[in-house]
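Visitor: sharing a model prediction with you, sequence too.
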Amino acid sequence: MSGGFVHEALPMRVVLGAGALARIGEEVEHLGLRRVLVLSTPEQRDLADRVAGLLGARAAGVFDGARMHVPVPVVDAAAAVAGEVGADGCVAVGGGSTIGLGKALALRHALPILAVPTTYAGSEMTPIWGLTEDGRKRTGRDRAVLPRSVLYDPELTVSLPPAISGTSGLNALAHAVEALYAPDGSPLITAMAEQGVRDLAAALPLVVADPTDLDARTRALQGAWLCGACLGATTMGLHHKLCHVLGGMLDLPHAETHAIVLPHVARYNLAMAPEADAALRRALGVADVPAALADLGERLGVPGGLAALGVERADLARVADEVLAAPYRNPRVPTRADVETLLEAAWRSR
Ligand code: NAD
């Protein structure tokens with residue numbers, strides 16, 4: 001087949017709008033669930049309690065032990081609580097870490113998920129799961145982990161600090177950039193990615209300037225939804241590979257790593273991906289996409305380079321080894337020298 005595409009739509013219901021959390025009871029009912037376990041991190045326990053309060057008798061309990069990278073002991077503990085209270089589903093309230101815990105429960109115990117995202121990471125839109133055991137993170141794709149319904153309420157993102165809002169938004173934007181040159185793209189993915197980038201690039205500077213700006217928060221969350229949906233539908237490239245290796249090997253913060261690396265991979269890849277570059281030029285209204293992404297990062301207060309996250313220059317060679325050992329598909333097949341140059345630039349950065 002030449003010049004065509006295969007597009008597989010993922011079945012998800014989305015409710016988005018300021019104050020949407022008030023509809024959580026209806027959403028749980030719509031899914032036919034009667035006793036849900038509410039999941040959160042310890043930091044977001046108050047919000048989880050508020051959700052349980054709104055659900056009344058439909059809430060079977062709250063588990064607030066979600067942690068980064070979905071450690072298996074945490075999944076076991078949450079599953080034990082779900083069993084004790086007789087949960088028939090879960091409501092995951094939080095960022096990628098909490099939604100990741102919901103996905104692990106869906107994968108292992110077939111509990112359906114209603115996701116209430118409070119960051120821009122986009123995990124709620126993907127069939128990708130991750131589990132960490134004995135220091136190793138395994139990931140996979142399985143339709144069973146897709147949330148049945150996603151409720152986006154921008155009011156819940158007002159508490160996301162400006163610096164995290166900026167890096168989390170750029171993490172989402174990176175999903176769209178890689179979807180635009182993915183081998184399994186389609187005209188629908190291009191349209192979603194372009195709009196997602198337009199929304200995030202317009203909204204994030206406003207969000208960082210005034211975290212309580214609900215119109216900007218709404219637009220940012222809409223962008224995150226579209227970019228997450230792009231990630232869920234396509235194959236990731238060199239950018240995600242680099243970030244996964246950096247995060248896993250050096251235990252770096254997820255969103256910051258994406259935000260720092262993105263302009264450098266864009267500079268490398270877009271040179272060989274003219275259609276993706278054209279879509280991003282339209283979305284950003286600029287001629288030089290990598291420069292615009294670097295500028296945006298600077299305006300959003302992204303750390304100046306991987307060195308600012310504590311990465312030692314001597315670590316870069318190990319990272320390059322692992323990136324090249326099992327590369328993701330990419331518009332350019334990187335040589336060792338390419339990866340080293342890219343990492344060096346991201347390390348030094350501004
Ligand atoms: P996170 O979920 O780890 O949250 C970081 C911290 O911010 C937590 O303490 C959380 O409670 C807090 N927080 C979240 N929302 C808040 C809010 N509105 N106000 C105040 N505090 C808030 O961060 P993340 O960046 O959303 O998720 C990162 C994780 O998600 C990584 O492990 C990454 O691998 C995973 N992820 C997975 C996918 C996927 O498709 N599977 C996609 C993107 C990210």
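Guide: That came in fine, so what should we check first? Remember, it's a predicted structure, so these values are computed and weren't measured experimentally.
Visitor: quickly list what W129 is bridged to.
Guide: Applying DSSP bridges to W129 gives these bridge partners: G140.
Visitor: pretty sure it is touching A104, no?
Guide: Yes. Here W129 reaches A104: they are 6.4 Å apart, a contact under CB atoms under 8 Å. C-beta coordinates here come from the backbone N, C-alpha and C atoms, glycine included.
Visitor: list residues touching both of the two?
Guide: When contacts are counted by CB atoms under 8 Å, 6 or more residues apart in numbering, the set common to W129 and A104 consists of 70, 145.
Visitor: show me where the stretch 201-350 of the chain has helices.
Guide: If DSSP state H, counting those that start in this stretch is used as the criterion, the helices of the stretch 201-350 of the chain fall at 214-233, 238-250, 254-270, 274-284, 289-299, 316-325, 336-348.
Visitor: of those, which is nearest the ligand?
Guide: Closest to the ligand of those is helix 254-270 (CB to the nearest ligand atom; 4.1 Å).
Visitor: and whichever residue of the stretch 1-150 of the chain sits closest to the ligand, what does it touch?
Guide: The nearest approach of the stretch 1-150 of the chain to the ligand comes at G96, 1.9 Å away (CB to the nearest ligand atom). Each residue near G96 by CB under 8 Å, 6+ apart is listed here: 119, 121-123, 254.
Visitor: now swap in G301 and tell me
Guide: Neighbouring residues of G301 by CB under 8 Å, 6+ apart: 162-163, 166, 208.
Visitor: of all the residues you listed, which two lie farthest apart?
Guide: A163 and V208 (7.9 Å; CB to CB).
Visitor: and these two? Which one has more around it.
Guide: Between A163 and V208, counted using other CB atoms under 10 Å, V208 has the larger neighbour count: 20 against 16.
Visitor: burial of the spatially closest residue to that one that is not a sequence neighbour, as a residue count?
Guide: Residue nearest to V208 in three dimensions, not counting chain neighbours: P162, with 4.5 Å by CB to CB, 6 or more residues apart in numbering. Neighbour count of P162, defined by other CB under 10 Å: 15.
Visitor: is it true that P162 touches V207?
Guide: Yes. If you go by CB under 8 Å, P162 and V207 touch, sitting 7.1 Å apart.
Visitor: tell me which residues of the helix or strand harbouring V197 are tucked away?
Guide: According to DSSP states H and E, V197 maps onto helix 187-209. For helix 187-209, burial by neighbour count (16 or more other CB atoms under 10 Å) applies to 189-190, 192-205, 207-208.
Visitor: now that helix against helix 289-299, angle please.
Guide: Inter-element angle recorded for helix 187-209 and helix 289-299: 30 degrees (by axes from the mean of the first three to the mean of the last three CA atoms, to 10 degrees).
Visitor: isn't H7 up against L188?
Guide: Yes. Applying CB under 8 Å, one finds H7 in contact with L188, separated by 5.7 Å.
Visitor: can you list the residues of the stretch 251-350 of the chain near the ligand?
Guide: 254-255 (CB under 6 Å from any ligand atom).
Visitor: low-confidence ranges in the stretch 251-350 of the chain?
Guide: Within the stretch 251-350 of the chain, the stretches with pLDDT under 70 are 350.
Visitor: now do the stretch 1-150 of the chain
Guide: Within the stretch 1-150 of the chain, no range satisfies pLDDT under 70.
Visitor: what would the contacts of G301 look like in TSV with pLDDT, distance to the ligand and secondary structure?
Guide: As requested, the contacts of G301 are exported to TSV (pLDDT from 0 to 100; distance: CB to the nearest ligand atom, whole Å; DSSP: H, G, I helix; E, B strand; the rest coil):
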residue	pLDDT	distance to the ligand	secondary structure
P162	97	11	helix
A163	96	11	helix
G166	98	12	helix
V208	98	14	helix
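Visitor: and which of the residues you listed is nearest V14?
Guide: V14 lies nearest to G166 out of those, by CB to CB, at 23.8 Å.
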